[in-house]
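S.K.: Just to be clear, the model below is a prediction. Sequence and coordinates:
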Amino acid sequence: MITLVEVSARLSAAAEERALRALGFHDDDCADVALAIAAALDDDEKLADIALLVERLRESVGRIGEEIDPLDHPAADSDWRGIGVVAMLALIAAGDDVRAFHRSRGISAEISDHSLADLGQQTWVHRRTYGAFGVHTYRWLATAFTGNLYWLGRLQFNIVRHGDEWMLSTHIPESGPLTPAAVDDAFRQAAAFFAEHFPDYPTQSFHCGSWLLDPQLADVLKPDSNMVRFQQRWTLDRELGSGDGDAIFFVFRRRGDVDHAALPRNTSLQRAILDKIDAGGHWALWSGTTPQAPFRDSDASAAHAKVGELE
Ligand SMILES: CC(C)(COP(=O)(O)OP(=O)(O)OC[C@H]1O[C@@H](n2cnc3c(N)ncnc32)[C@H](O)[C@@H]1OP(=O)(O)O)[C@@H](O)C(=O)NCCC(=O)NCCS
């Protein structure tokens, strides 16, 4: 079990501006994380909770493809200095363990840092959603902090079991336009990265489960929009359930009961999302797959042809 002294030492080191920036924290959040760390260092009960969660994360590092949810624990589920902040400090303190795992797989420090910067990204999203410091998506963040999420170019990927094979699940952080060229580049990087660093989990396909794959979006967006072109890459296999909550969250950064009249209607997407729900319709989450082969070096000419087709 990690000692409180070790947890304190890790948190103290992480409170440095440079370390916080490396984890992707934005300006306001850097100040609040530093304050939360200072408060935790003065509170043995809180440190014990953090240590317990760090231990659960450490035990889960590298257990790719297993059903693990290390931050599904009452110690993480408090509103101390903000939602998810105890879990956030545990993730920060577990950073050394996941970085060691990355090194053991030959992953560069640059990709290691970029991948863990999802913590700062999620904290920024939380502030925009709730207007306060915190990170309600802390359970999702355990994916990165146990060594199974890699941020490669425009997209993030993790290894998942889909049916009877391993696949690279694709995630789209809010970080600028989803241009076809950026998606091609990320797919190419991912195909090479996982073949090199995770040869024991061979994958042939990308997977995506998202509100972005709802075919109804193509009825309301321009045919040459990035989102419609992204959809066209995927062969859908099944509907995963209601997408209304995700559509509202990803387009408006609101959760729960939301007064639609108070939401902006500036873009065609914002208007379309609200119009359908207000008319009694629904958005859906869909699961789809697409092959990696065109993005492999060995088939570079096919990839080149594909870029030409999409641009
Ligand atoms: C996915 C994403 C990058 C697409 O953005 P994009 O590349 O700009 O999308 P498009 O160019 O296809 O946009 C088409 C229209 O929708 C609008 N739009 C796209 N994403 C939007 C968003 N999140 N909020 C509001 N409007 C958005 C565009 O402004 C454009 O509107 P217009 O026709 O009035 O000009 C963006 O929606 C995003 O960052 N989403 C959050 C992350 C997410 O949803 N991830 C998936 C989680 S499962």
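M.R.: Happy to help now that I have it. Since the structure is predicted, the reported quantities are computational estimates derived from the model, not experimental observations.
S.K.: name the element the closest residue to Gly241 other than its chain neighbours belongs to?
M.R.: Nearest non-adjacent residue to Gly241, counting by Cβ to Cβ, 6 or more residues apart in numbering: Leu285, 5.5 Å away. For the C-beta atoms, the positions are set from N, CA and C on the backbone; glycine is no exception. For Leu285, the host element (DSSP states H and E) is strand 284-291.
S.K.: can you tell me if that strand touches the ligand.
M.R.: No. Shown here: strand 284-291 not in contact with the ligand (Cβ under 6 Å from any ligand atom), separated by at least 7.9 Å.
S.K.: List the residues that contact the residue nearest to Gly241.
M.R.: Gly209, Ser210, Trp211, Leu213, Asp214, Glu239, Leu240, Gly241, Ser242, Gly243, Asp246 (Cβ atoms under 8 Å, 6 or more residues apart in numbering).
S.K.: which one among those gets closest to Asn158?
M.R.: Gly209 (11.6 Å; Cβ to Cβ).
S.K.: Now intersect the contacts of Leu285 with the strands, please.
M.R.: Gly209, Ser210, Glu239, Leu240, Gly241, Ser242 (DSSP state E).
S.K.: I'd say the fourth one and Trp286 touch.
M.R.: Yes. Contact status for Leu240 versus Trp286: in contact at 6.3 Å, counting by Cβ atoms under 8 Å.
S.K.: What are the buried residues along stretch 133-150?
M.R.: 133-139, 141-150 (16 or more other Cβ atoms under 10 Å).
S.K.: Now, those residues that are in strands?
M.R.: Tyr150.
S.K.: Looking at the buried residues of stretch 133-150, which are in helices?
M.R.: Tyr138, Arg139, Leu141, Ala142, Thr143, Ala144, Phe145 (DSSP state H).
S.K.: I'd assumed Ser60 was in contact with the fourth one.
M.R.: Yes. Checked against Cβ under 8 Å, the pair Ala142 and Ser60 is within contact range at 7.0 Å.
S.K.: anything in contact with each of those two?
M.R.: Ile68, Pro70.
S.K.: Got the phi and psi for His171?
M.R.: phi -130, psi 140 (degrees, to the nearest 10).
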